[in-house]
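>>> only geometry, no sequence info:
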């Protein structure tokens with residue numbers, strides 16, 4: 001059964017994901033994810049809400065230069081900020097997104113905690129399996 005991954009994203013970039021201009025989420029470390037896994041997008045402060053969900057199409061690991069050369073038009077970031085983000089690493093991870101869906105109503109952190117009381121937004125990634133999520137929602 002595929003995993004569900006929760007990822008924290010700054011509001012600016014979370015909104016670019018859901019308006020379709022950012023089709024790749026950038027990271028410095030590779031998630032334990034496979035094509036077909038679902039990714040829940042949590043928008044960090046000041047929004048502090050789950051905005052939507054998407055499917056992971058592919059996870060690429062390369063150098064920052066290669067990622068920029070091959071994908072710059074769909075990264076949702078300018079070259080200066082991209083270079084700043086990867087300034088202290090030789091590795092770049094690009095999570096290619098598919099089937100991006102914004103929820104009709106964003107789910108504030110307070111509401112998420114009503115269903116999952118121990119939930120805290122991840123620093124990098126948080127993993128769940130689908131059966132855990134479904135069972136938790138029945139309670």
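Looks like it came in fine. As the structure is a prediction and not an experimental result, all values here were calculated from the model.

>>> from memory residue 108 sits against residue 45, does it?
No: at 11.8 Å, residue 108 does not count as touching residue 45 under the criterion of C-beta atoms under 8 Å. Bear in mind the C-beta positions are built from the backbone N, C-alpha and C, glycine included.

>>> these two: which has the busier surroundings?
Shown here are residue 108 and residue 45; by other C-beta atoms under 10 Å, residue 108 has more neighbours (13 against 10).

>>> what segments of the chain are strands?
Listed in chain order, the strands found in the chain under DSSP state E are 3-9, 24-27, 38-43, 49-62, 92-108, 125-129.

>>> between residue 108 and residue 45, what contacts are shared?
Residues touching both residue 108 and residue 45 by C-beta atoms under 8 Å, 6 or more residues apart in numbering: none at all.

>>> output the below-cut-off pLDDT ranges for this structure.
1, 130-139 (pLDDT under 70).

>>> switch the cut-off to 80
The chain contains residues with pLDDT under 80 at 1-2, 129-139.
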